[in-house]
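[1] Quick check, what structure comes out for this input:
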Amino acid sequence: MSLALALKTGDASRLPSRRDEDWRWTDLRGLIRSIPTESPAFLGDVGAGPFDALADATVLIVNGWVREGEPAPEAGVLALRFVSHADATAHDAEFAVTVAPGQTLTLLESYEGQGAGGYLANIGLDVSVGEGARLERIVLVDDLADAVTVSTADVALAPGATYAQTILTSGARRQRLETRVAHPGAHADLRLDGIYLLDGQRHADLTTQVTHGGVDGTTSQLTKGMVSDQARGVFQGRIIVQPGADQTDARMGHHALIMSDRAEVDAKPELLIFADDVACAHGNTIGALDEQAIFYARQRGIPEMEARAMLTEAFVGEVVERIEHEPARKIARAWVAQRLGRSIV
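    Numbers count the residues shown, from 1 in each chain. Predicted coordinates for the structure are as follows:
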C-alpha cells in the first residue's frame, strides 16, 4: 500500500490504513474516500522560502512541478522548497540528492502550504551520501491545517559517511514524515532528530527506520514534541541491527508533553538486534509540564501562559541546539518561539 500508487491509479483502496501495522495511527484510507484531481501548475508568486537567504542554490517545486532549479552545489548549501498552492487537489514529486565522496552539503528543506488548502501531497526523496561525505538536512514543515502530506526519504550511507537530520513540524490534518536509512556501519555516523509542536486538530507522524548492516556504525536519535487542544503526535522509531553488525552504537530517545486532556501521543520505539557485541538503548517519556516550575515562574511575575511557553521552548531546545549549521539553527529557534507564541530577539 502506498500513497504514490494510489495517486497514480486513482484508486483510494490502495491507500495505507490502520490495518497496516506501520500506519495504524495515521490512517489515510479511512480519511480519504476518493483521490482528488491532479493539482494544476501554479505560476503565481509564492514568496520567499524560510531558508532562501542562506542558500548557494535553490530548487523550487510547486504542486509537484519544478519551477526553478539549480544543480546542487558540490559543497555548500542547497535550499529545497516544496510548495503546495492548491485547493482540494493532489500532487506528488520526487527529488534526488547525491553527495559525492569527501564532499559536504547542507540541505535546507521546506514544506510550505499556500492557497485555499485541502490538498493531498506526496513527496519522495532519494538521498545518497558518498564515502567520507557529510550531509546535514534541516526540514521545516508548515502545512496548512486541512492538508494531507506524506514525505518519505530513503537515505543510503557509504562507509565513513556522516548524515545529520532535524525535522521541525507543526502538523496538518494528516501528516507523515518518514525517513528510512541504510546504514553500512564502517564508521558511518547518523543523527536523526525531530520536533513536533501541534495544536488544534493537527496530526504529525514522525517515523524512522535505520538498518545497521555492518560493523562499527553509530546512530543517535532524539525527538521531542508538544501536543495541545485535540492534536495527535505519533513517533515510530525502529533500529535494526543485522547479524554481523557488531560494535553498533545506537541510541534513541522520544519525549513528549501533553498540554490537554484531549490531546494524544502514540509512541513505538523499537530495537531489533540480531548481533551480540552492541551498545543499544532507547528511552520514551510522555507527560505534562512541571507544575511546580510553573508556580515558581508565576511567583516571579511571569503570566502562566508565558511560563508554559518558556518551559516548552526549553524542553525542545535541546533538539534545536544539536543543529550544526548555525544560521539554520537560528531560524529553527525562531520557528519554535513563533509556534509557542513568543517573541525572540
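[2] what's the neighbour count on residue 296?
    Residue 296 has 12 neighbours, counted by other C-beta atoms under 10 Å. From N, CA and C alone the C-beta is placed, and that goes for glycine too.
[3] Quick check: it is in a strand.
    No: read with DSSP: H, G, I helix; E, B strand; the rest coil, residue 296 is helix and lies in no strand.
[4] pLDDT score for it?
    pLDDT, residue 296: 77.
[5] Tell me which residues touch it, please.
    By C-beta atoms under 8 Å, 6 or more residues apart in numbering, the contact list for residue 296 is empty.
[6] and residue 21, how many neighbours does it have?
    Residue 21 has 8 neighbouring residues, counting by other C-beta under 10 Å.
[7] meant to ask about residue 26
    Using other C-beta under 10 Å, residue 26 is surrounded by 25 other residues.
[8] Quick check: the gap between it and residue 303.
    As judged by C-beta to C-beta, to the nearest Å, residue 26 and residue 303 stand 36 Å apart.
[9] Same check on residue 325?
    Counting by C-beta to C-beta, the gap from residue 325 to residue 303 is 34 Å.
[10] Looking at those two, which has the bigger crowd around it?
    Taking neighbours as other C-beta under 10 Å, residue 325 and residue 303 compare with residue 325 leading, 19 against 10.
[11] The more buried one against residue 104, yeah?
    No: the criterion here is C-beta atoms under 8 Å, and residue 325 misses it with residue 104 at 10.6 Å.
[12] Can you tell me who residue 240 pairs with across the strands?
    Judged by DSSP bridges, the bridge partners of residue 240 are residue 211, residue 272.
[13] Name all residues that make contact with it.
    By C-beta under 8 Å, 6+ apart, the contact set of residue 240 is 209, 210, 211, 212, 272, 274.
[14] By neighbours, which of these wins?
    Neighbour counts for those, by other C-beta under 10 Å, peak at residue 212, which reaches 32 neighbours.
[15] so how far is residue 275 from it?
    Residue 212 sits 8 Å away from residue 275, taking C-beta to C-beta as the criterion.
[16] Likewise for residue 102?
    Going from residue 102 to residue 275 by C-beta to C-beta gives 29 Å.
[17] Also residue 40?
    51 Å.
[18] who's more crowded, these two?
    A direct count of neighbours by other C-beta under 10 Å for residue 40 and residue 275 places residue 275 higher, at 17 against 13.
[19] The more buried one - that's part of a helix, no?
    No: Residue 275 is assigned coil when assessed by three-state DSSP, not a helix.
[20] who's in contact with it?
    By C-beta under 8 Å, 6+ apart, residue 275 lies in contact with 241, 242, 243, 244, 245, 246, 248.
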